[in-house]
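In: below are the sequence and a predicted model for it; my questions follow.
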Amino acid sequence: MRILSLAPANTEILYDLGVGDDIVGVTAFCDEPATAMAKPKVGGWTEVYGDLLERFSPDIIVTSMFMPPQVRALAADRPELFCHVDPMTLEGVYASIVTIGERVGKTTEAASIVAHMREECSAVAATHSGPSVRLYIEEWSKPPMASGNWVPELAAIAGAEQVVARAGERSRAFDFRDLVAADPACIVLSICGARDRVPTQEVLSRQGWGVLRAVQRDQVFVIDDSILNRPGPRLIDGARALARIADRVRVNAPAA
């Protein structure tokens, strides 16, 4: 079997399913696990090489939310090659793992991955105590965009509430007045593609953001975006990271 993966999350899922050796091409952003970086590259997020069939001779092309124009054209012409997933909720992530597993003949392994993720999420939910922490999780900075999709669900599992954005809705820009009204206790930067290489000063120095108590109290945190923004097995690491942040915010909260 020859598999092309056109999204980092799909690459991670395929490796967890045990078919990493069958992957013949990945995007330039597929960096987990580390061995994926040695795979031949099909291109990036918005553009791929035009000779996918000739160069890679794939049996399966696994795609996700965004499909470059030339990939959409190929999917219309050769739909039998494609396995497309586009989850927007945590249940959707589980379903996408099952879908990919079925397509590559790893149904049992897919079910095991989903069961493990459910168990780990339940374990995270059982560890925190105290009031829910209101936080703002940012996926993009220019303009600021609140993390939607499955991220608000992960926040809830971690004992927190993502303000501005809601589960099952795309990450989006928002009216700053809504963020001021929500007045989150902390801000979490999970900037797409930046990993954890984002200076908190980028937020602390934003014009007008000084009215937020999270900024006033220097409660701005950075999290590796790949464990929140990629809809795959490592979302459980994202839930754990958010739980740690929520615990820190509770500890740092001023006495009533």
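Out: On my side now, so go ahead.
In: can you list the low-confidence ranges for the stretch 101-250 of the chain?
Out: Within the stretch 101-250 of the chain, the set of residues satisfying pLDDT under 70 is empty.
In: can you give me the pLDDT of the residue lying closest to Tyr49 once chain neighbours are set aside?
Out: Of all residues not flanking Tyr49 in the chain, Gly43 sits nearest, at 5.2 Å (CB to CB, 6 or more residues apart in numbering). Where you see a C-beta, it was placed from the backbone N, CA and C, and this is true even at glycine. Residue-level confidence at Gly43 comes out at 86, pLDDT.
In: which phi and psi does Gly43 have?
Out: Main-chain dihedrals, Gly43, degrees, to the nearest 10: phi 130, psi -150.
In: likewise Met145?
Out: The phi/psi pair for Met145 (degrees, to the nearest 10) is phi -130, psi 130.
In: now do the contacts for it.
Out: Met145 makes contact with Glu138, Glu139, Ser171, Arg172, Ala173, Phe174 under the criterion CB atoms under 8 Å, 6 or more residues apart in numbering.
In: closest to Val220 out of the residues you listed?
Out: Using CB to CB, Glu138 is the member of these that sits closest to Val220, with 9.7 Å.
In: from memory Ser96 sits against Pro87, does it?
Out: Yes: in this structure, Ser96 is within contact of Pro87 by CB atoms under 8 Å, at 4.7 Å.
In: who has more neighbours, these two?
Out: Ser96 (24 against 21; other CB atoms under 10 Å).
In: list the contacts for the more buried one?
Out: Ile13, Val85, Asp86, Pro87, Pro231.
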